[in-house]
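# one predicted model, sequence on top.
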Amino acid sequence: MTTFNEKQVYLVSSGDLRLSANQNCWAAQEEMERLLTQAIARMGWQVKRAHAYNEEKKHGFIDSQRMGIEVFKNINPYAPLIVAESVWQYTHHVLAGLTTHKGPILTVANWSGQWPGLVGMLNLNGSLTKAGVNYSSLWSEDFSDDFFIKGLTEWFTRGKVTHDRSHVKNLDAVSLPPEDERRGRAFGRKIRGNKAIMGVFDEGCMGMFNAIVPDDLLHKTGIFKERLSQSALYARMRLVTDREAEEVLNWLIQKGMTFNWGTDGTIELTPGQTLEQCKMYIAAMRIADEFGCDTIGIQYQQGLKDLTVASDLVEGLLNNQDRPPVYNEAGKELYANEALPHFNEVDECAGIDALLTYHLWKELGMPGETTLHDIRWGAHYKGEGIDDFVWLFLISGAAPPAHFIDGYRGAASDRQPAMYFRLGGGSLKGISKPGSLVWSRIYVMDNALHCDLGVGEAVFLPKEETQKRWQETTPQWPIMHATLKGVSRDQLMAQHQANHIQVVYAPDQAAAHKACRIKAAALAEMGISVHFCGDVDHEGRQFA
Ligand SMILES: C[C@H](O)[C@@H](O)[C@@H](O)C(=O)CO
């Protein structure tokens, strides 16, 4: 057997593909690694960084799959290994190496919202789960708290970290009220029977292996992929007239939406960028209609971001039932008075969820607007009748205006940060309104589809607190302050298999619990293993 130095742990760190992001975020990673290394040293272990800082690139991240494969060639495959993350990272940079690593693997993120490091780690975790790689995971604000130290000690001694997952209850183990079960199953059968098309504009986004649903698993749910191309989307944008784009923009302005325009397109949003996004909105709908898609996802990063503006405004509008009308070249209105559920970053797991949720909610007589968010960060908040851990859900550009306080009037478009999007394009941001929620996440585990499902509340935080949270993360992006019923911070982090979480509103708490039960039955009917998380009234005792 290969031997390795006693009490030595390897450390790798995966980064973005974009040089600008890696350079900007490097300082935070360095600081995190400093604290982590000290904490490890206090336990008598030594950290060996498996790849060096690159003087030319001015960062020390693994920034490509090729680099990752080469780095892993020099790591003893039996040694303990930490993947340390404080930035958004592309999982495929390290996935190849991790799939063949035999020693214990620990993913670690710093509890900070400054950059999407927790988001990056959650993506890595979901991807490792899908790939069948054993790993453990930990997170910490400064790597000196009891939770972290206890977890790290267990990992060093036993090669794994045990988390409290007592909040998870499989649907198989409970019985739903018969009427809810019947309604959900009937809906699931309808989707499977009618069959639906998921339009995917370039599969696979930013190395998110977990977000790709193998076709054979998808087919069992009754959904089939239509593989579309962002090149075709761009070509189609060229055919949209300026006048058509202006009509979309005027519609939005009349609705009261704000566009934070400036003049310097390199750092500011310009009217030209917004009009380009309006063309993309029209082109996406026309292509979706031609292929008969029931939901679409635009990958929007590699390729598209190098050619044109970001797709966020487009995505938020598609997800809203009240949106600017779009006509085909023959003058027929497309998807009239309906949303066309969109899954950001072509996260196909979210695509299944959005499609099911939008239509199920409408059938139940509730608004069906739904979106994913990143699980970006969170902190305990006390005040305004709240004394709870309040998550900061934030997505990198778009949520439906129906979710915002004051709808379109509360919606604004800010330029996407230049370090991620050189050619700009605006977000569709707002503050999500207070109200009851059903949250969920579909994921792949043991080559099968699973779904975690729970209820929660979007809460109202004072303006100053919202601004503080926005400033500490990314103020250009839409925000939701959320509490999850019966799920602690660490329970969510331990169980959740993705950077994304799906949310949809319900009119009140009772409706949220009921809809959650019906959705569970619908998912089960589509062949998905359902796990209730936290305090869901699955038997309908409190909220019939
Ligand atoms: C711009 C960034 O790369 C984002 O796309 C990232 O933070 C995500 O949203 C990941 O889900």
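Yes, it's here.

# which residues does the residue of the stretch 201-350 of the chain found nearest the ligand contact?
With Cβ to the nearest ligand atom as the measure, residue 345 is the residue of the stretch 201-350 of the chain nearest to the ligand, at 5.6 Å. In this view, the C-beta of every residue, glycine as well, is placed from N, C-alpha and C. Listed by Cβ atoms under 8 Å, 6 or more residues apart in numbering, the contact set of residue 345 reads 205, 206, 208, 211, 297, 299, 300, 301, 396, 500.

# ditto for residue 276
237, 245, 308, 309, 425.

# for the residue of the stretch 201-350 of the chain closest to the ligand, helix, strand, or coil?
Taking DSSP: H, G, I helix; E, B strand; the rest coil as the rule, one finds residue 345 in the helix state.

# helix/strand/coil for the closest residue to residue 322 other than its chain neighbours?
Taking Cβ to Cβ, 6 or more residues apart in numbering, and ignoring the residues beside it in sequence, residue 322 has residue 402 as its nearest neighbour in space, at 7.0 Å. Put simply, residue 402 is helix when judged by three-state DSSP.

# which residues touch residue 402?
Per Cβ under 8 Å, 6+ apart, neighbours of residue 402: 320, 321, 322, 367, 369.

# does the first one count as helix, strand or coil?
I take that to be residue 320. Here residue 320 is coil, with the state taken from three-state DSSP.

# ok, the fourth one next?
Under the three-state scheme (three-state DSSP), the conformation of residue 367 reads as coil.

# nearest residue to it other than its sequence neighbours?
The shortest distance from residue 367 to any non-neighbouring residue, by Cβ to Cβ, 6+ apart, is to residue 402 (6.1 Å).

# what pLDDT does that neighbour get?
With respect to pLDDT, residue 402 scores 98.

# can you check residue 221 too?
98.

# give me the number of residues near it?
Here the count is done by other Cβ atoms under 10 Å, and residue 221 has 24 residues near it.

# in strands only, show me the contacts of residue 345.
Among the contacts of residue 345, DSSP state E puts 297, 500 in strands.

# neighbour-wise, which of the contacts of residue 345 leads?
Most neighbours among the contacts of residue 345, by other Cβ under 10 Å: residue 211, with 32 neighbours.

# which ones are touching the closest residue to it other than its chain neighbours?
The spatially closest residue to residue 211, leaving aside those adjacent along the chain, is residue 347, at 4.0 Å (Cβ to Cβ, 6+ apart). Residues counted as contacts of residue 347 (Cβ under 8 Å, 6+ apart) are 205, 208, 211, 297, 372, 498, 500.

# and the two most separated of those?
Of all pairs drawn from these, the greatest distance, 14.4 Å, lies between 297 and 498 (Cβ to Cβ).

# please, where are all the strands along the stretch 51-200 of the chain?
Assigned by DSSP state E, counting those that start in this stretch, the stretch 51-200 of the chain shows strands spanning 81-85, 105-110, 136-140, 168-170, 196-201.

# for the third one, which outside residues touch it?
What that stands for is strand 136-140. Outside of strand 136-140, the residues within contact range by Cβ under 8 Å, 6+ apart are 104-111, 118, 121, 125, 147-148, 151-152, 155, 159-161, 163, 493-494.

# repeat for the last one
With contacts defined as Cβ under 8 Å, 6+ apart, strand 196-201 is touched by 218, 222-230, 233, 284, 287-288, 291-300, 346, 348, 351-352, 355.

# please narrow those to those residing in strands.
Per DSSP E, the contacts of strand 196-201 map to strands at 223, 224, 225, 226, 227, 228, 295, 296, 297, 298.

# closest to residue 362 among those?
Distances from the ones in strands among the contacts of strand 196-201 to residue 362 were compared by Cβ to Cβ; the smallest belongs to residue 295, at 14.0 Å.
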